[in-house]
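[1] What would the 3D arrangement of this be:
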Amino acid sequence: MILPCAASRADYHILPNGTAYSASLDLADATGYEFFEAGILGERVPVKVVDVALTGNCSPCTFSWRGENTILFPKGNYTLTFQGPVRDNHFIAIYDRPRRVTIVLPAGFDVRNPALGMVSSGATVTDLPEGLTEISWNTTRIAEIRFYEKGREDLLYLFANIWVVIAIVMLVPFLLTWRKDHISP
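    Numbers count the residues shown, from 1 in each chain. Model prediction:
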């Protein structure tokens, strides 16, 4: 989960192994950016990011680190890119005001089965070429997904089918004896 300060557009791409993401955020009139997650009780927990880069009307755009999770730069409009971790196939981004957010899942991952995955309200899920899946919100303060490997969906259906067969096997003798007791004079 990442909590950006001011981003009018935010694009996230989950990496092919599902354990990290790359982000591109548009920042307007910003002077800094803090990388953190919300903990279990909503507290701010610093998050370690890598490959941080800043682009805009500067060449090169420079920034300085304050601590391990905050960058500072001159006030302006920028595009911030970085990579961060994804834990347990769960991604959440929280904003101070509504933003346009897009998350792209690589081939082999999905969010549409509610027993395995989840998408926060207001999202549109679209299939893209090459097996990619795009989840987008036109305006949202919270963009959250829980994704799964498509093979897990097959296992879920197999498990459900096994339980249906067990239920039938257990019910058939009962139904046969019940019918026999109710039909006899």
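[2] Val45: neighbouring residues, count only.
    12 (other CB atoms under 10 Å). Backbone N, C-alpha and C define where each C-beta goes, glycine included.
[3] Would you mind pulling up the elements that whichever helix or strand it is part of packs against?
    Using DSSP states H and E, Val45 sits in strand 44-46. Judged by 3 or more CB pairs under 8 Å, 6 or more residues apart in numbering; DSSP states H and E, strand 44-46 is in contact with strand 36-38.
[4] Can you name every helix or strand that the helix or strand following the strand holding Val45 contacts?
    As assigned by DSSP H and E, the chain's next helix or strand after strand 44-46 is strand 50-56. On a contact count with 3+ CB pairs under 8 Å, 6+ apart, strand 50-56 meets strand 70-85.
[5] quick one: contacts for Phe82?
    22-23, 35, 49-53 (CB atoms under 8 Å, 6 or more residues apart in numbering).
[6] Next: Arg112.
    119, 125.
[7] State the distance from it to Val119.
    According to CB to CB, to the nearest Å, Arg112 and Val119 sit 8 Å apart.
[8] ditto for Asn89
    Counting by CB to CB, the gap from Asn89 to Val119 is 13 Å.
[9] now, which of the contacts of Phe82 sits nearest Tyr157?
    Ser22 (32.2 Å; CB to CB).
[10] which phi and psi does that closest one have?
    Main-chain torsions, Ser22, degrees, to the nearest 10: phi -110, psi 140.
[11] pretty sure it is touching Gln83, no?
    Yes: applying CB atoms under 8 Å as the test, Ser22 and Gln83 come out as touching, 5.0 Å apart.
[12] where do the contact lists of those two overlap?
    Common contacts of Ser22 and Gln83 (CB under 8 Å, 6+ apart): 15, 51.
[13] Tell me what Leu54 is bridged to.
    Judged by DSSP bridges, the bridge partners of Leu54 are Leu80.
[14] ok now do it, which residues does it touch?
    Counting by CB under 8 Å, 6+ apart, the residues that Leu54 touches are 61-63, 71, 73, 78-81.
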